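In: Got a predicted model here, sequence first, then my questions.
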Amino acid sequence: MSRRYFPFVFTVLLLLVAACSPAASTPTPSDPQRLTGADGMVVIQPPMPMDFTLTSEDGESVTLSSLQGKAVLMAFGYTNCPDVCPVTLARFRQVKDALEGDAERVQIVFVSVDGQRDTPEHLRDYLTLFDADFLGLTTDDEELAHQVIQQFGGDFVIKDADGLRAKYTVDHTASSFLIDPQGGWVREYPYNYDPVLMAADILTVLGQTT
C-alpha cells in the first residue's frame, strides 16, 4: 500500500470501529441520577419505579405498589436494634407530627431485615410503641430481604452466620427512603436528618405530584 494512502485508510477504520461499538454503556437522559445536597439528602432524578412484596404485621402479603396514592417514608431495620432503629422510628413520629393535616397523605413503613425473630405479630407489637399507624413489613426469606434493600443501594449483614447466638445483631443501612405517590423512589435521607426538614421536603414532593 502506498504510504500516502495509509493515513486515510487508518482514519476510515477508526471511524468504522467507533460506529460499530456498543452504545449500551452510554447514559441516556432517562437514567436515574443521584444528586447529593450539602445536607446529605439525595435526590433521585427521574424517580426510579420500585416494587416488592412482603408480609405485613397482619400476616397479609403487601406490595409497595398497593400503597400508591400516598408518599411512602421507609426505613430498614429490626426490632432488637439497640440504637439506630428506635431513634429512626422516633424521628418518623416527629415527621408525622410536623406534617400535621398532611400526615394522612404519607404512609410510614418499617421493613425488617431480621425475619427469623421479627414475626408479623412481634413487629406489630413493636411498632405500636411508636405509632399504631406505622406499617411493618417482614419476610423469613433472607434472600428476598436482601433483594428488596439492595434495590435502594443498601444491604444488611446478620452477625450470627452459624446461628449459634440467640441475641445476635444486624448491621444494616441506616438511611431512610421516600417513594412518591406514583411509586417512584425520589429521596434518600441520611441517618439523623432533621425531622422538620424531612417533613418540609415530603410536602414539596407531594406538591409536585398532585
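Out: Sure thing, it's come through.
In: V72 is in what secondary structure piece?
Out: strand 71-77 (DSSP states H and E).
In: what helices or strands is that strand leaning on?
Out: Packing partners of strand 71-77 (3 or more C-beta pairs under 8 Å, 6 or more residues apart in numbering; DSSP states H and E): helix 84-99, strand 106-112, strand 170-172, strand 176-179, helix 195-208. (Each C-beta comes from the backbone N, C-alpha and C, glycine too.)
In: Check which residues of the shortest one are buried.
Out: Pointing back at strand 170-172 there. Across strand 170-172, burial judged by 16 or more other C-beta atoms under 10 Å covers V170, H172.
In: got a list of contacts for it?
Out: 76-78, 80-81, 84, 113-114, 149, 154-159 (C-beta atoms under 8 Å, 6 or more residues apart in numbering).
In: what's the closest of those to P32?
Out: Minimum distance to P32 across the contacts of strand 170-172 is 15.6 Å, recorded for G154 (C-beta to C-beta).
In: distance of that closest one from Y126?
Out: 20 Å (C-beta to C-beta, to the nearest Å).
In: Neighbour count: the two, which is higher?
Out: Y126 (22 against 18; other C-beta atoms under 10 Å).
In: Identify the residues contacting D155.
Out: D155 touches H146, I149, H172, T173, counting by C-beta under 8 Å, 6+ apart.
In: which of the residues in the host helix or strand of P47 are buried?
Out: If you go by DSSP H and E, P47 is part of strand 42-49. Residues V42, V43, I44, P47, M48 are the ones in strand 42-49 that count as buried (16+ other C-beta under 10 Å).
In: returning to what we had before: now the buried members of the contacts of D155.
Out: Buried by 16+ other C-beta under 10 Å: I149, H172, T173, out of the contacts of D155.
In: thinking the first one is in contact with E142, fair?
Out: Spelled out, it's I149. No. Using C-beta atoms under 8 Å, I149 is not in contact with E142; the gap is 10.9 Å.
In: Can you name the element that comes right after the strand holding P47?
Out: That would be, after strand 42-49 and using DSSP H and E, strand 53-56.
In: List the buried residues of that following strand.
Out: Neighbour-count burial for strand 53-56 [16+ other C-beta under 10 Å]: L54, T55, S56.
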